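Colleague: Here you go, sequence then predicted model.
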Amino acid sequence: MTGATQKSGDELKVAPAGKEPGGAGGGPRFWPRKRPDLAGLTASYGILVAWAVVILVFSLLEPERFPTTANLQTILGSQSVLLILALGLIISLSVGEYDLSVAGAMSVSLVLVGYLNVIAGWAIIPAVLAALLSGVLVGLLNAFLVVGVGVESIVATLGTGTLLVGLGVAINGETTAGISESLVEVVRYKVLGLPMSFYYALALTAIVWYCLRFTPLGRYLYFVGVNQSVARLSGLPVNRIRAGALVVTSTIGALTGVVFAGTLASSDPNISASFLLPAFAAAFLGSTAITPGRFNAWGTFIAVYFLVTGITGLQLLGLSGWIENVFYGASLVIAVSLSKGAAKYQLYRRLRRTREGGEAG
């Protein structure tokens, strides 16, 4: 055998003559075979394994009710509202801002659709547009308080969220039925046994994923979230990015209210607050999957359905009512802890690659 040989451990890989880095031809060359990063794969896709285990356990415990087509359709079709709300949250979370008012924006939007369409007699399209505009206004208010005045986002949005819940009750404090069948049909119409709201949420997941993963703006969001000072020194318009993220989150929150109005065919000012904790739990749990250490769309998608699978299984076992709050609360605590650990792990991997690259040079 001709050519030089490099050895690292017991694994060697043969390179064609003249194709090795720095080679000049004259026979085969060898370099270490790259070992699979099992730790990285586990961090990225561990939640999928956990989800499969949960499905298997409940299928064994409740073989007649859990592993059925009807139950699968219920799980997939019932969480589109939560998924849309969580996708909105990850935009502001990506820049390091906590928007606790997103459920309030959802509540006002839901109430406006019912009030304007049913009580005020507006056509459904103007009512929906007014509801979405309310989300933009909420986002602008949050941006003014957080970016303009400098109030911590968790404090400012807690205040505006409480204000919005009260505003929703002031607009219409009662449940209002009879929302336009046009909206109800657009949201509830089923394709392959699943309502259209599921496909809207799936499409939004793909859009958010593409924007965060493949566009400069997506990279800017993450950059600002990691270190605002460094991002500012790099020439990024940090304040505009933060403000824009807050506006987008509130607008998607308002969109959630519109979808929820179509799902319920009615409006209720007191129902949206229950979505805040599950949305945060899904967003943080999602940041431990697919792209660990980053808030990401597909991780959030998986987290939403992982959580609802667990809750559905527990409810079939007879644990109902209180179990949702316990499950979501515990999931949020665990998810935040795992998210911090995932971020530290990604930092460790980057430092290790940098060090190995320096040693190789």
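Modeller: Thanks, I have it.

Colleague: low pLDDT regions in this protein?
Modeller: For the chain, applying pLDDT under 70 flags the ranges 1-45, 321, 335-361.

Colleague: Tell me how it divides into domains.
Modeller: Taking automatic domain parsing as the reference, the chain has its domains at 1-35, 39-352.

Colleague: Highest mean neighbour count out of these?
Modeller: Ranked by mean neighbour count, the domains of the chain are led by domain 39-352 with a mean of 19 (mean count of other C-beta atoms under 10 Å). The C-beta positions use only the backbone N, C-alpha and C, and glycine is treated the same way.

Colleague: Now do the contacts for the closest residue to Ile124 other than its chain neighbours.
Modeller: Distances taken as C-beta to C-beta, 6 or more residues apart in numbering put Ser180 closest to Ile124, at 3.9 Å, once the chain neighbours are dropped. Neighbour list for Ser180: Asn117, Ala123, Ile124, Ala127 [criterion: C-beta atoms under 8 Å, 6 or more residues apart in numbering].

Colleague: With Ala283 instead?
Modeller: Shown in contact with Ala283 (C-beta under 8 Å, 6+ apart): Ala86, Leu89, Ile90, Leu93, Phe295, Thr300, Ala303.

Colleague: Can you name the two of these that sit furthest apart?
Modeller: The distance between the two most remote of the contacts of Ala283 (C-beta to C-beta) is 12.9 Å, for Leu93 and Ala303.

Colleague: Make CSV out of the contacts of Ser180 and add secondary structure.
Modeller: Below are these laid out as CSV (DSSP: H, G, I helix; E, B strand; the rest coil):
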residue, secondary structure
Asn117, helix
Ala123, coil
Ile124, helix
Ala127, helix
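
Colleague: helix or strand for Gly121, which one?
Modeller: For Gly121, there is no enclosing helix or strand under DSSP states H and E.

Colleague: can you give me the strands for the stretch 151-300 of the chain?
Modeller: Here the stretch 151-300 of the chain has its strands, by DSSP state E, counting those that start in this stretch, at 176-177, 190-191, 194-195, 266-267.

Colleague: right, so of these, which gets closest to Ala105?
Modeller: strand 266-267 (14.3 Å).

Colleague: helices or strands up against that closest one?
Modeller: When contacts are defined as 3 or more C-beta pairs under 8 Å, 6 or more residues apart in numbering; DSSP states H and E, strand 266-267 packs onto helix 102-114, strand 176-177.

Colleague: ok, that strand: who's next to it in the sheet?
Modeller: Applying DSSP bridges to the sheet, strand 266-267 is found paired with strand 176-177 (antiparallel).

Colleague: what's the spacing between the one helix or strand Leu137 maps to and its chain's center?
Modeller: Secondary structure from DSSP H and E places Leu137 in helix 124-143. How far helix 124-143 lies from its chain's middle: 21 Å, per C-alpha atoms, centre = their mean, to the nearest Å.

Colleague: Let me know the angle separating that helix from helix 102-114.
Modeller: On the basis of axes from the mean of the first three to the mean of the last three C-alpha atoms, to 10 degrees, helix 124-143 is oriented at 150 degrees to helix 102-114.

Colleague: Quick one: residues in contact with helix 124-143.
Modeller: 99, 101, 104-105, 108-110, 112-113, 116-117, 122, 153, 156-157, 160, 164, 179-180, 182-183, 242-244, 246-255, 257-258, 261.

Colleague: Also stretch 191-206?
Modeller: Here stretch 191-206 makes contact (C-beta under 8 Å, 6+ apart) with 69, 73, 76-77, 79-81, 83-84, 87, 186-190, 252, 259, 262-263, 297-298, 300-301.

Colleague: how about the helices in the chain?
Modeller: With helices called from DSSP state H, the chain shows them at 38-61, 69-77, 80-94, 102-114, 124-143, 153-171, 181-188, 196-214, 216-226, 228-233, 238-264, 276-286, 297-316, 323-360.

Colleague: can you redo those helices as CSV with distance to Asn270?
Modeller: Converted to CSV, the helices of the chain look like this (distance: least, C-beta to C-beta, whole Å):
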stretch, distance to Asn270
helix 38-61, 31
helix 69-77, 24
helix 80-94, 15
helix 102-114, 8
helix 124-143, 17
helix 153-171, 8
helix 181-188, 21
helix 196-214, 21
helix 216-226, 33
helix 228-233, 37
helix 238-264, 12
helix 276-286, 13
helix 297-316, 21
helix 323-360, 16
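
Colleague: dump the residue contacts of Tyr328.
Modeller: Each residue near Tyr328 by C-beta under 8 Å, 6+ apart is listed here: Leu277, Pro278, Ala281, Leu307, Ile311.

Colleague: hang on, the earlier thing: can you put the strands of the stretch 151-300 of the chain in JSON lines and add distance to Val57?
Modeller: Below are the strands of the stretch 151-300 of the chain laid out as JSON lines (distance: least, C-beta to C-beta, whole Å):
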{"stretch": "strand 176-177", "distance to Val57": "39"}
{"stretch": "strand 190-191", "distance to Val57": "29"}
{"stretch": "strand 194-195", "distance to Val57": "24"}
{"stretch": "strand 266-267", "distance to Val57": "36"}
